[in-house]
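Q: Have a look; sequence and predicted model below, questions after that.
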Amino acid sequence: VYVVESGGGLVPAGDSLRLSCAASGSTLAKNAMGWFRQVPGQEREFVGTITWSGTVYYSDSVKGRFTISRDNAKNIMYLQMNNLKPEDTAVYYCAAKIGMVASADESDYEYWGQGTPVTVSP
């Protein structure tokens, strides 16, 4: 199983970024996936999650600005981040879980990417 994120970078406040996450493995059939983020020295924070069928849940801090989608044929998940704020600065992690049920609890996810940094300047 592998989970790999890409697309992070440095942008000014108000700009947009799109992160991608590619996941592959025999245990990941019709699985739910999620995005989390972590600021150094702080706990990892839930961003959003998406089921195989496309149902999405977001944290209140990103609702209305971030959009999660997925391409099931390629098993790639996306995180479109608009109107970025300095407080969105963090390392963003993609996670995949066995099973279709979405979750905001990081302990429910079995597979994690290495993280991609996002920095938003004031």
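A: Received it, and whenever you're ready, just let me know what you need. Keep in mind it's a predicted model, so treat the numbers as computed, not measured.

Q: Quick check: closest non-adjacent residue to the most centrally placed residue in the chain.
A: By CA atoms, centre = their mean, the chain has its centre lying nearest to Trp35, at 2.3 Å. Excluding its sequence neighbours, the residue lying closest to Trp35 (CB to CB, 6 or more residues apart in numbering) is Val47, at 4.1 Å. C-betas here are computed from N, CA, C, even on glycine.

Q: for Phe66, same thing?
A: Using CB to CB, 6+ apart, the closest residue to Phe66 is Met81 (5.2 Å).

Q: for the one you found, what are its contacts?
A: Met81 makes contacts with Ser16, Leu17, Arg18, Leu19, Val62, Arg65, Phe66, Asp88, Val118, as judged by CB atoms under 8 Å, 6 or more residues apart in numbering.

Q: same thing but 10 Å
A: Contact analysis of Met81 by CB atoms under 10 Å, 6 or more residues apart in numbering lists 7, 11, 15-19, 35, 47, 62, 65-67, 88, 92, 118, 120.

Q: What of Ala29?
A: Contacts of Ala29 (CB under 10 Å, 6+ apart): Trp52, Asn75, Ile98, Gly99, Met100.

Q: Quickly note the distance from the residue lying closest to the first one once chain neighbours are set aside to Thr67.
A: So the one you mean is Trp52. Leaving aside its chain neighbours, Trp52 sits nearest to Lys30 (4.2 Å; criterion: CB to CB, 6+ apart). Using CB to CB, to the nearest Å, Lys30 is found at 21 Å from Thr67.

Q: Have a look at those two and say which one is more surrounded.
A: Taking other CB atoms under 10 Å, Lys30 and Thr67 do not tie; Thr67 has more neighbours (16 against 11).

Q: check contacts around that one.
A: Thr67 makes contact with Arg18, Gly48, Val56, Tyr58, Tyr78, Leu79, Gln80, Met81, Asn82 under the criterion CB under 10 Å, 6+ apart.

Q: Just the buried ones out of those, please.
A: Buried members of the contacts of Thr67, scored by 16 or more other CB atoms under 10 Å, are Gly48, Tyr58, Tyr78, Leu79, Met81.
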